[in-house]
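1. sequence unknown, structure follows:
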């Protein structure tokens with residue numbers, strides 16, 4: 001449990017199952033707590049480590065999304081629709 005009574009993925013150890021938005025939101029909260037100060041050195045280090053872990057999760061999601069987009073863009077367009085719309089032909 002955190003100070004505000006919520007259970008974090010850090011407490012449950014469920015980093016591998018976090019979605020991008022969930023990891024991003026938790027990372028925002030970690031940064032907010034670090035910037036606010038008032039934590040012990042041990043708490044700050046634990047927050048920093050959690051933030052690094054969450055950043056890696058976000059990075060993996062974004063890299064995966066980029067790879068999917070690149071793969072989709074690299075595929076030849078099937079039935080580009082030019083013939084059906086008459087757009088882009090030899091004018």
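-> Yep, that arrived. This one's a predicted model, so the numbers in the text were calculated from it and none came from an experiment. Numbers count the residues shown, from 1 in each chain.
2. Averaged pLDDT, stretch 23-39. What do you get?
-> This predicted structure assigns stretch 23-39 an average pLDDT of 97.
3. what comes up buried for it?
-> When neighbours are counted by 16 or more other C-beta atoms under 10 Å, the buried residues of stretch 23-39 are found to be 23-24, 26-27, 29-30, 33. Where C-beta positions appear, they are placed from N, C-alpha and C, glycine not excepted.
4. and what of stretch 38-49?
-> Of the residues in stretch 38-49, those scored as buried under the neighbour-count criterion (16+ other C-beta under 10 Å) are residue 47.
5. pLDDT below threshold where in this protein?
-> Of all residues in the chain, those with pLDDT under 70 make up the ranges 1-16, 78-91.
6. in it, which spans are strands?
-> Under the criterion DSSP state E, strands are not mapped anywhere in the chain.
7. one step back: among the buried residues of stretch 23-39, which are in helices?
-> Helix and strand membership here follows DSSP state H; of the buried residues of stretch 23-39, those in helices are 23-24, 26-27, 29-30, 33.
8. Would you reformat those residues as a markdown table and include distance to residue 60?
-> Rendered in a markdown table, the data for these read as follows (distance: C-beta to C-beta, whole Å):
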| residue | distance to residue 60 |
| --- | --- |
| 23 | 9 |
| 24 | 12 |
| 26 | 15 |
| 27 | 13 |
| 29 | 19 |
| 30 | 17 |
| 33 | 23 |
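9. quick one: which of those is nearest to residue 49?
-> residue 30 (9.6 Å; C-beta to C-beta).
10. show me the residues around the residue nearest to that closest one when sequence neighbours are not counted that make contact.
-> Of all residues beyond its chain neighbours, the one nearest residue 30 is residue 51 (4.3 Å), with distances taken as C-beta to C-beta, 6 or more residues apart in numbering. Shown in contact with residue 51 (C-beta atoms under 8 Å, 6 or more residues apart in numbering): 27, 30-31, 34.
11. now the residues you listed in a markdown table, with distance to residue 18?
-> Conversion of the contacts of residue 51 to a markdown table gives the following (distance: C-beta to C-beta, whole Å):
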| residue | distance to residue 18 |
| --- | --- |
| 27 | 10 |
| 30 | 13 |
| 31 | 16 |
| 34 | 19 |
